[in-house]
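Enquirer: sequence-free structure coming up:
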DNA sequence: TTTTAGCACTCTAATTAAGAGAGTGCTAAA
DNA sequence: TTTAGCACTCTCTTAATTAGAGTGCTAAAA
């Protein structure tokens, strides 16, 4: 099948833009007067007929204007949308906000969710950065009261896990510190499997602590994705097509399940890829609950170090241009922050010794 | 003004219950046949007229059934609702779930939000437990790469703050550990003000670290309330009176602001208190956005140790009985967990020394 | 004095009918 | 290839009608 003519592409773009703005079907007349096109409405109608036949537009009913189909949006995003950058002013403002909360990783994700929600006017979801490879970097035991001890486990990548444990007998802080030091040296750089393999070499109190460390690693593993921050859920409800529909409720349920991003990325091959940013339009036939929605998502972070995901859920008629550029910008910004701030390879950490 | 007769109270209860169930105005006929009352609809009508005059019921329009007013709900919650307990089975199930994630504080709050949302069929908000008095318990410095060091600050109460800092020059892990140990001894049990008072006595690297600790304390202070977990937002949208109304969107916006619980508790004197559980009905004339909603909330934790808040947002016609008993039960459960697991007074922590 | 049957009255929500408006596809001319 | 003209289609709005639920009042019964 031959490609669309330039004029057809142009009209498709106009319909997508206008529908994004008004959420109402677009008629030929409307389009001509709105954009002062130097062709007649009949010509536009003919082109629209072609676009409809090709499956890029559809009519809600015989005598209504046109609305983009899922395929129409895909064509638009994949071939008509030119790469845009976030305005410089916006970039600077956002970067400044992040600069101010540079020290606190958990703030990033919250801030990213907030910025994303505001810029895209959709619901945003951001997962905290975390290492895929869960290795022990450091552990610490802190006496609290009697036999209760706080176990702090720092993973490669800087993630900190904490847990209260109950010893068989009371142990002084000095002894705990020495024990933690010994175990840190022994376990540093090891992942769950390696530690499990040498579990037999420990006895008594040490064995207990190592077991707890293993449990903590397992739990960190299964928690897969870590903290999830959401923002702008109310934005979705503000869209006219969702006010008072079941769709919005189901979408929010989906977001609340917290597994959505992971599932989507697992199937990411299916989505359209716009320079590292994935666009999932209308659930791509796989996620039935997402049918009236689109999602724009991207991973961020440094591979092998720590990675996370950020995404936006919005109506299918979302402003893809702005949303994609925001997601791309934030993804880059967060990647930089991860690279700057996160812990790097363990062997090199002792480069200055004594 | 003399009090309501028993029969009037009874009818008010029935109206509240029935309206909670159906969300439609309740007529006298309806009520008689529904509950096989041994009085005529005319009698019920007369009593309803009294209740309406007293301000406990109202009619959406002249020829409609009755609906409880805010005052009606207040009377119901305050004087008619008898204290109920969550069924034993439910209590056991919930306690078991918490038992399984006993070790991880951040899991509690998430789990509490989930349980609360399911049981109350509303939107739940839970803040993580935290100490009001921010005192240093322990600090740790972990070398990562070059001059980058991970500063871990454990507060009294067990809360852990982490932060990446950049030293002026590279320092070995041994030196960092010694430094952390020195500073832990010096700062242990002190709050922000005390540390700030003796800031002058530190110099060089130590002064830097102490400054970072102070910054971290300040930040922990301003974050007031710590992490906020939400669940069941979609439940609110499922209620018939909110499907397709602005109200639901505004309520969700309110929840997303994350300051709601704090504001509500600050005014808690205004709300009705049902055995430690606060019930805020229809915004109590203060929170305009909450007008069509009610909230049931409670604090939990051990005073002076660590406290948090949990609450439910639902329609004004929510099932107060079940919601209140769930909130009360969870509040108790979380309090127990905090008391069991959290760190206690610092001076006693060295009871077994060497 | 309290309760209840009877009844006229009121207001909403659902149903139907009519018409305006927007937009289309087709035909034939430019 | 484009465009003016036109009949046609379908939805959305408005108005009118009706069915139904529920009320308040009155007068009789308990």
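Expert: Yes, it's here. Computed from a predicted model, the values in this text were never measured in an experiment.

Enquirer: which residue is the nearest non-sequential neighbour of residue A:83?
Expert: Spatial nearest neighbour of residue A:83, chain neighbours left out: residue A:275 (6.8 Å); criterion: Cβ to Cβ, 6 or more residues apart in numbering or on different chains. In short, each C-beta sits where N, CA and C put it, glycine included.

Enquirer: let me know whether the one you found touches residue A:328 as I believe.
Expert: Yes - if you go by Cβ atoms under 8 Å, residue A:275 and residue A:328 touch, sitting 6.6 Å apart.

Enquirer: what separates residue A:276 from residue A:335, distance-wise?
Expert: 10 Å (Cβ to Cβ, to the nearest Å).

Enquirer: those helices in chain A, which residues are they?
Expert: Per DSSP state H, chain A has helices spanning A:6-22, A:28-35, A:41-54, A:70-75, A:88-100, A:105-120, A:173-187, A:192-197, A:204-222, A:233-238, A:246-256, A:260-266, A:320-341. These are given in chain order.

Enquirer: can you list the residues of the stretch 151-300 of chain A near chain B?
Expert: A:152, A:154, A:158, A:160, A:162-165, A:170-174, A:177, A:181, A:215, A:219, A:231-234, A:237-238, A:243-245, A:248-250, A:252-253, A:256 (Cβ under 8 Å from any Cβ of the partner chain).

Enquirer: how about a cut-off of 7 Å?
Expert: A:152, A:154, A:158, A:160, A:162-164, A:170, A:172-174, A:231, A:233-234, A:237-238, A:243-244, A:248-249, A:252-253, A:256 (Cβ under 7 Å from any Cβ of the partner chain).

Enquirer: just to revisit the earlier point, so between residue A:276 and residue A:335, which is more surrounded?
Expert: residue A:335 (22 against 13; other Cβ atoms under 10 Å in any protein chain shown).

Enquirer: tabulate the helices of chain A (TSV), appending distance to DNA strand D and mean pLDDT.
Expert: Compiled in TSV, these are given as follows (distance: least, Cβ to the nearest atom of the strand, whole Å; pLDDT from 0 to 100):
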stretch	distance to DNA strand D	mean pLDDT
helix A:6-22	7	96
helix A:28-35	9	93
helix A:41-54	3	96
helix A:70-75	20	96
helix A:88-100	36	91
helix A:105-120	28	90
helix A:173-187	65	90
helix A:192-197	57	91
helix A:204-222	48	87
helix A:233-238	19	91
helix A:246-256	17	87
helix A:260-266	31	80
helix A:320-341	26	91
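
Enquirer: residue A:275 and residue A:328: who's more crowded?
Expert: More crowded of residue A:275 and residue A:328, by other Cβ under 10 Å: residue A:328, with 21 against 9.

Enquirer: ok, the residue in chain A that DNA strand D sits nearest to to DNA strand C distance?
Expert: Residue of chain A nearest DNA strand D, by Cβ to the nearest atom of the strand: residue A:63 (2.7 Å). Counting by Cβ to the nearest atom of the strand, to the nearest Å, the separation of residue A:63 from DNA strand C is 4 Å.

Enquirer: near DNA strand C, which residues of chain A are found?
Expert: A:25-30, A:41-42, A:45, A:48-49, A:52, A:59, A:62-66 (Cβ under 7 Å from any atom of the strand).

Enquirer: out of the residues you listed, which are buried?
Expert: A:25, A:26, A:27, A:28, A:30, A:41, A:45, A:48, A:65, A:66 (16 or more other Cβ atoms under 10 Å in any protein chain shown).

Enquirer: which pair in these spans the largest distance?
Expert: Farthest pair in these (Cβ to Cβ) is A:25 and A:41. Separation: 14.7 Å.

Enquirer: residue contacts, the spatially most central residue of chain A?
Expert: Nearest to the mean C-alpha position of chain A, by Cα atoms, centre = their mean, lies residue A:310 at 1.7 Å. By Cβ atoms under 7 Å, 6 or more residues apart in numbering or on different chains, residue A:310 lies in contact with A:112, A:116, A:126, A:297, A:298, A:300, A:327, A:330, A:331.

Enquirer: looking at it, the third one is touching residue A:115, isn't it?
Expert: No - the pair residue A:126 and residue A:115 does not pass the contact test of Cβ atoms under 7 Å, sitting 9.5 Å apart.

Enquirer: and those two? Which one has more around it.
Expert: residue A:126 (30 against 24).

Enquirer: okay, and the beta partners of that one?
Expert: residue A:229, residue A:310 (DSSP bridges).

Enquirer: for DNA strand C, see how far away it is.
Expert: 39 Å.

Enquirer: and for residue A:159?
Expert: Applying Cβ to the nearest atom of the strand to residue A:159 and DNA strand C gives a distance of 54 Å.

Enquirer: that residue: neighbouring residues, count only.
Expert: 21.

Enquirer: contacting residues around it?
Expert: Residue A:159 neighbours (Cβ under 7 Å, 6+ apart): A:130, A:131.

Enquirer: now it. Its backbone dihedrals?
Expert: phi -60, psi 140 (degrees, to the nearest 10).

Enquirer: if I look at it, what pLDDT would I see?
Expert: pLDDT, residue A:159: 76.

Enquirer: circling back to that earlier point, need the buried ones among the residues of chain A next to DNA strand C in TSV with distance to residue A:187, can you?
Expert: Converted to TSV, these look like this (distance: Cβ to Cβ, whole Å):
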residue	distance to residue A:187
A:25	63
A:26	63
A:27	69
A:28	70
A:30	68
A:41	74
A:45	72
A:48	66
A:65	66
A:66	63
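
Enquirer: for residue A:300, list each beta-bridge partner.
Expert: Here residue A:300, judged by DSSP bridges, has bridge partners residue A:308.
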